[in-house]
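*Asks:* below are the sequence and a predicted model; questions follow.
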Amino acid sequence: MMRTTRAARGTMNQSSVYTSVMKLSIMKLWERFFPTAPDLAASPIAATSPIDVQFLGENMPQSTKTAIMVIGGAEDKVHGREILHSFFGRSGSTEARIAIIPSASREPAIIGDRYLTIFGEMGAKGVEILDIRDREQCEDPLMQSYVENCTGVFMTGGDQLRLCGLLADTPLMKTVRDRAQQGDITLAGTSAGAAVMGHYMIAGGGSGESPNRALVDMTTGLGIIPEVIVDQHFHNRNRMARLMSAIAAYPDRMGIGIDEDTCALFEGDGTLQVIGKGTVTILDPGDLCYTNHTKVGATDPLSIGNLRLHILSHSDRYDFHKRMPIFPGCGIV
């Protein structure tokens with residue numbers, strides 16, 4: 001089922017093993033996502049342990065127009081709408097043709113209408129609700145045509161297992177994923193729509209506690225950014241131990257924890273930029289030297305050695321080529 005609105009304008013050692021695996025995985029991600037990625041083996045971060053500060057000035061990576069926007073949920077829909085305005089702008093502003101996929105929600109018509117109204121009020125040229133409730137709908141020629149020609153796709157919150165069950169391995173999802181990875185569209189996912197971004201996905205689990213195998217349930221996501229594992233509502237629901245547990249199980253992936261009303265914006269120059277009110281937490285296991293994940297029981301505490309942690313707030317960036325944070329005016333190298 002497709003539903004449409006038009007805007008008011010008139011149209012709608014063990015350490016070295018882990019390090020090598022991580023470098024190859026990150027290179028694989030950026031070669032697939034952005035074909036011009038530089039050689040990670042030449043990155044100074046792998047050979048440098050001291051923390052130095054340097055002014056970057058004009059060398060700071062510049063934003064590109066399209067992006068993949070991974071939103072931690074509960075983004076502002078009433079007041080400033082900063083994240084939603086960013087999605088609208090990167091989708092083409094008043095020339096935007098936006099597809100809303102509310103399939104994660106138990107009430108897709110209601111949540112779809114809410115975003116339809118928001119983007120319509122902003123002035124999008126066209127907005128379609130792709131109300132997918134059966135996998136066969138993903139072969140519908142009208143839906144396929146729209147995702148082939150739209151400029152932005154927005155996946156709402158709800159249940160990530162439901163979303164993957166409807167979209168995984170379908171022609172429609174392949175088109176969306178390919179166009180997003182090629183930089184042809186801006187793709188956003190919030191809450192459950194964020195959780196599905198990686199090849200491996202957190203399907204559920206607990207909060208608090210110490211990291212342990214039973215704390216997180218893992219399954220397969222949609223593989224839009226394959227080498228990351230995303231957790232959302234992150235500090236709001238005390239999910240640090242859960243994401244650490246996931247990374248202990250998959251130390252060749254990068255952990256990305258995103259707070260509510262916060263967005264990790266993956267740009268075409270190989271950087272992640274933070275927008276919104278909260279923080280983005282990055283767990284980098286590139287120099288991981290030890291985990292006892294395979295040696296202990298499901299509820300026993302996990303040991304994790306040399307897991308690198310970065311916490312970024314609004315306007316901070318992270319360079320995936322060099323695997324280092326970039327703060328306004330300076331960087332850690």
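*Replies:* Alright, I've got the coordinates.

*Asks:* make it CA atoms for all contacts and neighbour counts henceforth
*Replies:* Fine.

*Asks:* per-residue confidence at residue 160?
*Replies:* On pLDDT, residue 160 comes in at 98.

*Asks:* over to the one 3 residues further on?
*Replies:* We note a pLDDT of 98 for residue 163 in this prediction.

*Asks:* a strand runs through it, doesn't it?
*Replies:* No: going by DSSP: H, G, I helix; E, B strand; the rest coil, the assignment for residue 163 is helix, not a strand.

*Asks:* which SSE is the residue sitting nearest the centre point of the chain in?
*Replies:* Closest to where the C-alpha atoms of the chain average out (CA atoms, centre = their mean) is residue 70, at 3.5 Å. In this assignment (DSSP states H and E), residue 70 forms part of strand 67-71.

*Asks:* residue 193 belongs to a helix?
*Replies:* Yes: counting by three-state DSSP, residue 193 is part of a helix.

*Asks:* got a list of what it touches?
*Replies:* For residue 193, the contacting residues are 70, 104, 155-158, 160, 163, by CA atoms under 8 Å, 6 or more residues apart in numbering.

*Asks:* quick one: which of those residues is nearest residue 285?
*Replies:* residue 70 (20.4 Å; CA to CA).

*Asks:* before we move on, back to that, mind listing the strands the strand holding residue 70 pairs with, and their directions?
*Replies:* Using DSSP bridges, strand 67-71 pairs in its sheet with strand 186-190 (parallel), strand 262-267 (antiparallel).

*Asks:* how far off centre is the first one?
*Replies:* Just to be clear, that refers to strand 186-190. The chain centroid and the centroid of strand 186-190 are separated by 8 Å, computed with CA atoms, centre = their mean, to the nearest Å.

*Asks:* in space, what's closest to residue 213 - neighbours in sequence excluded?
*Replies:* Leaving aside its chain neighbours, residue 213 sits nearest to residue 298 (4.8 Å; criterion: CA to CA, 6 or more residues apart in numbering).

*Asks:* tell me the phi and psi of the one you found?
*Replies:* phi -60, psi -40 (degrees, to the nearest 10).

*Asks:* is it true that it touches residue 217?
*Replies:* No: at 11.4 Å, residue 298 does not count as touching residue 217 under the criterion of CA atoms under 8 Å.

*Asks:* what helix or strand is residue 98 on?
*Replies:* Residue-wise, residue 98 maps onto strand 97-101 under DSSP H and E.

*Asks:* what does the average pLDDT come to for the next helix or strand after that strand?
*Replies:* Counting by DSSP H and E, the next helix or strand C-terminal to strand 97-101 is helix 108-122. What helix 108-122 shows for mean pLDDT is 98.

*Asks:* and helix 108-122 with strand 97-101, angle?
*Replies:* Here helix 108-122 runs at an angle of 160 degrees relative to strand 97-101 (axes from the mean of the first three to the mean of the last three CA atoms, to 10 degrees).

*Asks:* could you pull out the buried residues of helix 108-122?
*Replies:* 108, 111-113, 115-116, 118-120, 122 (16 or more other CA atoms under 10 Å).

*Asks:* redo the residues you listed as a markdown table? Include distance to residue 309.
*Replies:* As requested, those are exported to a markdown table (distance: CA to CA, whole Å):
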| residue | distance to residue 309 |
| --- | --- |
| 108 | 36 |
| 111 | 35 |
| 112 | 36 |
| 113 | 39 |
| 115 | 34 |
| 116 | 37 |
| 118 | 36 |
| 119 | 36 |
| 120 | 39 |
| 122 | 37 |
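
*Asks:* what about residue 231, distance to residue 239?
*Replies:* 8 Å (CA to CA, to the nearest Å).

*Asks:* more neighbours, these two?
*Replies:* residue 231 (32 against 25; other CA atoms under 10 Å).

*Asks:* surely the more buried one and residue 258 touch.
*Replies:* Yes: using CA under 8 Å, residue 231 is in contact with residue 258, at 6.3 Å.

*Asks:* surely residue 2 meets residue 133?
*Replies:* No: applying CA under 8 Å, one finds residue 2 not in contact with residue 133, separated by 11.4 Å.

*Asks:* pick out whichever of these two has more residues nearby.
*Replies:* Summary of the neighbour comparison: residue 2 and residue 133, criterion other CA under 10 Å, with residue 133 having more neighbours (17 against 14).

*Asks:* SS state for that one?
*Replies:* coil.
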